[in-house]
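S.K.: Structure for this input, please:
(2 chains)
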Protein chains: 2
Amino acid sequence: MRLIRSLSAITSAVKVFRKSKNKIGFVPTMGAFHEGHISLIRRAKKENNKVVVSVFVNPIQFGPNEDYRKYPRDISRDKELAEKAGCDILFYPSAGSMYPKGFNTHVEPEGLSALMCGKLRPGHFKGVATICAKLFNIVTPDTAYFGQKDYQQALIIKNMVKDLNMDIRIKILPIVREISGLALSSRNRYLTPAEREDARLLYRVLKKARSIIRQGEQDSSKLRSIIDNILKKPGIKIEYISIVDPDTLEEKKMIDSSFLVALAVKIGRTRLIDNMMIKIKN
Amino acid sequence: MRLIRSLSAITSAVKVFRKSKNKIGFVPTMGAFHEGHISLIRRAKKENNKVVVSVFVNPIQFGPNEDYRKYPRDISRDKELAEKAGCDILFYPSAGSMYPKGFNTHVEPEGLSALMCGKLRPGHFKGVATICAKLFNIVTPDTAYFGQKDYQQALIIKNMVKDLNMDIRIKILPIVREISGLALSSRNRYLTPAEREDARLLYRVLKKARSIIRQGEQDSSKLRSIIDNILKKPGIKIEYISIVDPDTLEEKKMIDSSFLVALAVKIGRTRLIDNMMIKIKN
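M.R.: Just a heads-up that it's a prediction; the model follows:
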């Protein structure tokens, strides 16, 4: 595996891949790998000849009061894990090379980006779409892999690729969880043991939602208030409970087809999200 | 030459070009060809194995009170002229295929897009950048060709390509003029004979500016007032007279290096622009 930092080096490395007709799989990440990332890299390796993984903590997707500075970084560990999982090139650019002086063009995903996480993190998805467009143009992948934990992000990128006619397939892979049910996240390491206990509630409440639905509940406001009651605990601040159409992210009043339950909470100072796609058998 | 309307057909045609290692030159246009367009197509043919020309009157770059509906369209004439000039594929998509239902991602060129024409046409360059990003992703050119008449547009696209790491070279070719000096524009056909006479003033005033500078004038406000006085005529509405740095489009107070004089006026109901790059020999 090669670790590449410069734009010119990644560009020529990718051109060499292309010349030999390789299929390129791409996994864009912010590093601090956990099994979720590893599952994406492994799948990319299975489906492509060459795998490029990027590690870049993207400054423009963090708000002014968010955790850009303290976001976990551990490139030497990431390097080892990526190589084991089958990565061919680990692309690890500097912020200065991605956003040089005079940088002034953004990709603006409208509509979806104003909902759910976008409501609470203005500019976040603009930052995500912009960095993904840049990385896609640099890496020229056949397929890019995203985790379902960041469902809204993956959906926005999927739409961006379609809207801007990029010749890339986007695959969304299942959330990887601890045995306790907690969705893996690089931010879990911020949690104290007591907070981690609270964090497990997220998955428990999603499973509860699923079983209530399967018992026939169709009123999403009733479902929301059940979820709300379970999560309402000291130490947990609910940011949103969304029961939405999985394509448009529009809130559903009646639960009458497949839908997504998505949660965002703050536990202590740590922001966590989780979600579950629930299919209704008619 | 092939005339292609559908996205799937252009995509596969371009892939065939790529497979045989062709260099692809691309000329994005709104049709209604004049010698300016033809000069771009000819140059593209000289520098590439294959030339793709697009004809698309892009709805999202027109303001609500602008001339989207009446913008001249003449695809059968364009087809003939493009073929003669060396075009291999004329791509002529429908608005519905470029902006299908649910389309929601734009490319937003900040900074430059708020100046000059951008001040008077809010959203215009966002529309231009978005359609160019889409067309570049569809056509995958090695080089795309723009005319200097729309200097600000070409500069914004050049910056977009750099900012979003697109692997495309942008070339800006000289303005083509009538013998009278009037810069060719598809909108010239809106002009009455009397208005056309007035329109010739634009080039005359640019040449005047150049000669004043060459005589040693360094104060841009004096230059601007000379231009203003010449253009101030009944029937001409000055939108802007910009004396700017050619990279940043920032207004220059002192004329001490190369710079751009750019004009926008309305003659009757027709909006015309023109510009001249003036190099100072030190």
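S.K.: Return the residues of the stretch 1-150 of chain A in contact with chain B.
M.R.: A:7, A:11, A:102-112, A:129-130, A:133-135, A:137-138, A:140 (CB under 8 Å from any CB of the partner chain). The way it works is simple: take the backbone N, C-alpha and C, and place the C-beta from them, glycine included.
S.K.: any idea how far residue B:15 is from whatever residue of the stretch 151-282 of chain A ends up closest to chain B?
M.R.: Residue nearest to chain B within the stretch 151-282 of chain A: residue A:163 (3.7 Å; CB to the nearest CB). Going from residue A:163 to residue B:15 by CB to CB, to the nearest Å gives 21 Å.
S.K.: ok, now residue A:25?
M.R.: Applying CB to CB to residue A:25 and residue B:15 gives a distance of 20 Å.
S.K.: What segments of the stretch 101-250 of chain A are strands?
M.R.: Per DSSP state E, counting those that start in this stretch, the stretch 101-250 of chain A carries strands over the ranges A:105-109, A:143-147, A:169-173, A:236-244.
S.K.: Dump these to TSV, plus mean pLDDT and distance to residue B:89.
M.R.: Formatted as TSV, the strands of the stretch 101-250 of chain A follow (pLDDT from 0 to 100; distance: least, CB to CB, whole Å):
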stretch	mean pLDDT	distance to residue B:89
strand A:105-109	97	27
strand A:143-147	98	27
strand A:169-173	98	25
strand A:236-244	97	42
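S.K.: could you redo those strands as JSON lines and give each row distance to residue B:34 and mean neighbour count?
M.R.: As requested, those are exported to JSON lines (distance: least, CB to CB, whole Å; neighbours: other CB atoms under 10 Å in any protein chain shown):
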{"stretch": "strand A:105-109", "distance to residue B:34": "29", "mean neighbour count": "24"}
{"stretch": "strand A:143-147", "distance to residue B:34": "42", "mean neighbour count": "23"}
{"stretch": "strand A:169-173", "distance to residue B:34": "41", "mean neighbour count": "17"}
{"stretch": "strand A:236-244", "distance to residue B:34": "50", "mean neighbour count": "18"}
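S.K.: Just send those back as JSON lines, with distance to residue A:2 too.
M.R.: Listed next are the strands of the stretch 101-250 of chain A as JSON lines, based on distance: least, CB to CB, whole Å:
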{"stretch": "strand A:105-109", "distance to residue A:2": "28"}
{"stretch": "strand A:143-147", "distance to residue A:2": "19"}
{"stretch": "strand A:169-173", "distance to residue A:2": "24"}
{"stretch": "strand A:236-244", "distance to residue A:2": "40"}
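S.K.: Residues contacting stretch A:224-242, please?
M.R.: A:115-116, A:119-120, A:194-195, A:198, A:201-202, A:204-205, A:208-209, A:212, A:243, A:249, A:251, A:260-268, A:271 (CB atoms under 8 Å, 6 or more residues apart in numbering or on different chains).
S.K.: What about those, which are in helices?
M.R.: A:119-120, A:194-195, A:198, A:201-202, A:204-205, A:208-209, A:212 (DSSP state H).
S.K.: how about these, which pair is most distant?
M.R.: A:119 and A:194 (28.4 Å; CB to CB).
S.K.: coming back round to it: name the residue in residue A:163 and residue B:15 with the higher neighbour count.
M.R.: Comparing residue A:163 with residue B:15 by other CB atoms under 10 Å in any protein chain shown, the one with more neighbours is residue A:163, at 24 against 11.
S.K.: thinking the more buried one is in contact with residue B:101, fair?
M.R.: No. Residue A:163 sits out of contact with residue B:101 when judged by CB atoms under 8 Å, with a separation of 11.4 Å.
S.K.: Could you report the distance from residue A:1 to residue A:237?
M.R.: Applying CB to CB, the value for residue A:1 to residue A:237 is 41 Å.
S.K.: nope, residue A:244 is what I was after
M.R.: 21 Å.
S.K.: Quick one: distance of stretch A:145-156 to the chain centre.
M.R.: Relative to the chain's own centre, stretch A:145-156 is displaced by 4 Å; criterion: CA atoms, centre = their mean, to the nearest Å.
S.K.: and if you look at stretch A:21-30?
M.R.: 16 Å.
S.K.: Ok, stretch A:160-167 next?
M.R.: With CA atoms, centre = their mean, you get 18 Å for stretch A:160-167.
S.K.: Return it as PDB; C-alpha atoms alone will do.
M.R.: Extracted C-alpha coordinates of stretch A:160-167, given in PDB (Å, rounded to 0.1, in the frame of the first residue of the first chain):
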ATOM      1  CA  MET A 160     -25.100  15.100  -6.200                       C
ATOM      2  CA  VAL A 161     -23.600  12.400  -8.400                       C
ATOM      3  CA  LYS A 162     -26.900  12.100 -10.400                       C
ATOM      4  CA  ASP A 163     -27.500  15.800 -10.600                       C
ATOM      5  CA  LEU A 164     -24.000  16.600 -11.800                       C
ATOM      6  CA  ASN A 165     -23.800  13.600 -14.100                       C
ATOM      7  CA  MET A 166     -20.800  12.100 -12.500                       C
ATOM      8  CA  ASP A 167     -20.000   8.700 -13.800                       C
END
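S.K.: Please consider this matter closed, and thank you.
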